[in-house]
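Chemist: give me a 3D structure for the following:
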Amino acid sequence: MSWSYKNHLRTSSMSKAITNPLRIGLRQERVISPQCLVIFGASGDLTHRKLVPALFELFKQRRLPSEFAILGCARRPWSDEDFRQKMQNSLKEVIQEDPTTWEHFVQCLFYEPVDLQKQEDLVSLSKRLEEIDKIRATHNNRTFYLSVSPKFYAGGCKALSNAGLLKDPKRSRVVIEKPFGRDFRSAQNLNQIVQNCAKESQIFRIDHYLGKETVQNILVLRFANTIFEPIWNRNFISSVQITAAETVGVEDRAGYYESSGALRDMVQNHLTQMLAITAMEPPGHFDPEAIRNEKAKVLKSSRLANEIEPWKCCIRGQYAGGGSQSHPLIGYREEPGVSPNSSTETYVAMKVFIENWRWQGVPFYIRTGKRLAKRLSEVVLTFREAPVHLFDTAGGTPTSNQLILRIQPNEGAIFKFEVKSPGSGMKSRPVEMNFSYDQSFGEPSDEGYVRLLADAMLGDPTLFTRSDEVEAAWKLYTPLLQIIENNPRDLPIYPYESRTWGPEAADALLAKDHLLWRRP
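Modeler: Predicted structure coming up:
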């Protein structure tokens, strides 16, 4: 339950030797206490696509205790065997790689039909948990994961609290998926309800982007290397770009996406958390609350570049048709479940400032979109140009140094700098120094949910969002949300062709500052 690292590899029945020899030398994992992970919404997409695969990966890495159980809960009248078979069908490809391990893992899976709105179901759940505690020796340690519709977050927490399942802050915690609220007021109200049901230390608001190695590596890159921290400020950095681009469309999420849009779905949480980690001040020590304190300070200091006329610093777009003759792609308004007159944005680009000593005057450009040209998430720090250009450049135009932090795919970092071009002249040209997690460490990075599920069960809140962070993020975008809801004509929707980099208006946003979006 302790946050601090156990600087050794586990050798008891809770952890056997990891098969990959590189992992033995590099990984030093913390000990997860015996416990039961309860997943509400166990019949849903997230459970079989992300949660159970992540837990199986933890099991394969010998990072789960032997005294462990997963209790799936949903309204469907399944049995334990039904649930196990459903998960097995979903994970066929993964299981084929290691069927023996799956046979052991599947014994950890249990199921209980539960409707969180029915008191009698909560009574049955409590009894079932007591049975599992005895069968699996989980010592009454429980992590409740609300993989349900956001409208059930408040009611779910109330139901668990009323059933007495959250009364021990050392043995019980709640994991809540995003979105946490729809705007500043609803986030405030939800925080109040949840905090009346459990202590803040028991609440884990999950953002899977924060589980990615490169997002965490931003902290190490800055604070463990003296070459970076002294220049990580307005004196040396001219601008920052934060991008989360997807090649897929809305797929089967039209019902959710129509009421959300890219601003609520991606910007308020994923991209804003990346901004906070990139811009935060050094914490006094590596402690969960110290880190979250600094992130909260950044968000409270952030503002839209033009608060009086917000539409001048934000561009909204919506993907139209595109693709090729052999692989045509339909536009967002032609997607099943989407209104033919929809004004929901699938693309957002905006300019933000952070009003503090370190970042005063440095623009942060944020963009995200569906059906873009390439799938990637990255942070790009562009450094100021040299005060005097002593050398001609091979391309004719001097280029600024850049540090590019790749979040996905192929997590790692690129440093772009100038070197002498071969030949007798003194011309410079840009080159790249490339770091890849997969290549350097000999194994792929864990998927975000793997790390975050482990941290939640450990009770480590470092990579989870605190209530004041959530509210500060919503407050930052309140002016835009109000315009979208009350005066949508002030923030028009610009169509863009599928598999491009978004609407031309987004390029114009940077062109005003004589800049370009990075296009890998």
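Chemist: what's the burial count for the nearest residue to A163 once chain neighbours are set aside?
Modeler: Residue nearest to A163 in three dimensions, not counting chain neighbours: L122, with 4.2 Å by CB to CB, 6 or more residues apart in numbering. Bear in mind the C-beta positions are built from the backbone N, C-alpha and C, glycine included. Residues lying near L122 (other CB atoms under 10 Å) number 19.
Chemist: next, L122: secondary structure please.
Modeler: For L122, the assignment made with DSSP: H, G, I helix; E, B strand; the rest coil gives helix.
Chemist: contacting residues for the residue nearest to L160 when sequence neighbours are not counted?
Modeler: Excluding the flanking residues, the one nearest L160 by CB to CB, 6+ apart is L166, at 5.2 Å. Applying CB atoms under 8 Å, 6 or more residues apart in numbering to L166 gives the contacts 144, 157, 160, 172, 174, 197-198, 202.
Chemist: among the residues you listed, which ones are in helices?
Modeler: 157, 160, 197 (DSSP state H).
Chemist: reformat those residues as a markdown table; add distance to T344.
Modeler: Below are the ones in helices among the contacts of L166 laid out as a markdown table (distance: CB to CB, whole Å):
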| residue | distance to T344 |
| --- | --- |
| C157 | 29 |
| L160 | 33 |
| C197 | 32 |
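Chemist: kindly indicate which of the residues you listed lies nearest S66.
Modeler: Lowest distance from S66 to the ones in helices among the contacts of L166 (CB to CB) belongs to L160, with 26.3 Å.
Chemist: give me the most central residue, this structure.
Modeler: Y209 (2.0 Å; CA atoms, centre = their mean).
Chemist: quick check, it in a helix?
Modeler: Yes - according to three-state DSSP, Y209 belongs to a helix.
Chemist: ok, it touching V267?
Modeler: No - counting by CB atoms under 8 Å, Y209 stays clear of V267, with 11.8 Å between them.
Chemist: need the overlap of contacts for those two.
Modeler: Common contacts of Y209 and V267 (CB under 8 Å, 6+ apart): none found.
Chemist: which SS state does the nearest residue to D82 once chain neighbours are set aside fall under?
Modeler: Computed as CB to CB, 6+ apart, the closest residue to D82 that is not its neighbour in sequence is Y111, at 6.7 Å. When classified by three-state DSSP, Y111 comes out as strand.
Chemist: report the separation between the residue nearest to L160 and V38.
Modeler: Noted for L166: a distance of 12 Å to V38, by CB to CB, to the nearest Å.
Chemist: anything in contact with each of these two?
Modeler: F144.
Chemist: list the contacts for P409?
Modeler: Here P409 is in contact with 375-376 (CB under 8 Å, 6+ apart).
Chemist: roughly how far does the residue nearest to A163 sit from E334?
Modeler: 43 Å.
Chemist: and for T100?
Modeler: Taking CB to CB, one finds T100 at 47 Å from E334.
Chemist: mind listing the strands for the stretch 351-500 of the chain?
Modeler: 364-369, 376-383, 392-393, 402-408, 412-420, 427-436, 493-498 (DSSP state E, counting those that start in this stretch).
Chemist: between the ones you listed, which gets the lowest average pLDDT?
Modeler: Note on the strands of the stretch 351-500 of the chain: lowest mean pLDDT is at strand 392-393, with a mean of 68.
Chemist: what bits of the stretch 251-400 of the chain have low per-residue confidence?
Modeler: Applying pLDDT under 70 to the stretch 251-400 of the chain flags the ranges 390-398.
Chemist: which stretches of the stretch 401-520 of the chain form helices?
Modeler: 437-441, 448-458, 467-486, 504-511 (DSSP state H, counting those that start in this stretch).
Chemist: buried sites along the shortest one?
Modeler: Of the residues in helix 437-441, Y437 count as buried by neighbour count, 16 or more other CB atoms under 10 Å.
Chemist: so which elements touch it?
Modeler: Where contact means 3 or more CB pairs under 8 Å, 6 or more residues apart in numbering; DSSP states H and E, helix 437-441 is packed against strand 412-420.
Chemist: in its sheet, what does the strand it packs on sit against?
Modeler: Applying DSSP bridges, strand 412-420 is found paired with strand 402-408 (antiparallel), strand 427-436 (antiparallel).
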